[in-house]
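1. no sequence for this one, just the structure:
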């Protein structure tokens with residue numbers, strides 16, 4: 001398959017080194033459109049929400065991910081955004097995303113500046129996931145829920161903007177075939193619904209329309225497939 005080695009434009013490189021400008025840029029992009037809903041079939045679903053948490057470390061934008069433990073009910077051992085299903089007491093899906101982020105990693109709602117919402121996706125476990133994008137200060141005193149979260153993963157945004165760390169390939173479950181988005185960072189793989197949500201965020205904000213191509217990989221990657 002065709003290999004794509006495009007690097008992000010210098011404008012994006014500059015954005016990723018200015019918190020004020022990046023925050024404004026993302027907010028403008030997200031506020032300029034109405035979020036879409038992606039359903040691959042009509043099913044009874046459960047509402048859920050996640051936070052796409054952005055922070056600046058050593059002057060560069062990063063996105064925070066979590067690796068789920070083997071103790072959780074769904075998506076065991078996978079890389080995810082902080083988040084989960086809506087509880088009855090949640091006044092909104094944003095409240096869900098913030099509550100779950102606090103429960104999972106200790107991120108206080110008052111420390112998060114929300115800049116917008118991306119598109120809604122239905123997972124193969126029938127969760128209808130609404131993502132919110134927010135900034136938080138760093139360094140931060142995280143408090144990880146040991147039952148839910150194995151460890152935290154800090155990925156530079158510029159790294160995710162480079163096509164060479166990304167690929168799309170088919171994944172079969174039962175009689176359904178999914179075209180899954182994969183991102184490779186050190187010994188971590190971001191895939192599944194998190195891969196879709198990440199690609200959607202990068203597409204809306206940075207205009208990325210990624211093709212199918214192969215990337216160079218080593219067997220050090222843990223493949224939770």
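-> Perfect, thanks for sending it. Because the structure is a prediction, the values reported are computed rather than measured.
2. Stretch 104-111 spans what distance, first to last residue?
-> The first and last residues of stretch 104-111 sit 15 Å apart, counting by CA to CA, to the nearest Å.
3. Please enumerate residues in contact with it?
-> Contact with stretch 104-111 is made by 51, 53, 64, 66, 82-84, 98-99, 101-102, 136-137, 140-145, 148-149, 152, as judged by CB atoms under 8 Å, 6 or more residues apart in numbering. No exception for glycine: its C-beta is placed from N, CA and C like everyone else's.
4. That one: which residues count as buried?
-> Within stretch 104-111, the residues scored as buried using 16 or more other CB atoms under 10 Å are 104, 105, 106, 107, 111.
5. what about the nearest residue to the second one once chain neighbours are set aside, neighbour count?
-> Yep, that's residue 105 we're talking about. Among residues not flanking residue 105 along the chain, residue 142 sits closest, at 5.1 Å (CB to CB, 6 or more residues apart in numbering). Neighbours of residue 142 under the rule other CB atoms under 10 Å: 14.
6. I'd say residue 142 and residue 154 touch.
-> No: using CB atoms under 8 Å, residue 142 is not in contact with residue 154, being 10.7 Å away.
7. need the longest strand for this structure.
-> Counting residues, the longest strand found in the chain (DSSP state E) is strand 46-57.
8. Now do the strands for the protein: every range, in order, please.
-> Under DSSP E, the chain gives strands at 37-38, 46-57, 60-68, 79-80, 83-85, 113-117, 120-122, 127-135, 149-156, 166-173, 176-185, 188-190.
9. For the residue nearest to residue 99 when sequence neighbours are not counted, give its distance to residue 96.
-> Distance criterion CB to CB, 6+ apart; nearest residue to residue 99, sequence neighbours excluded, is residue 90 at 6.4 Å. In this view, residue 90 and residue 96 are 5 Å apart by CB to CB, to the nearest Å.
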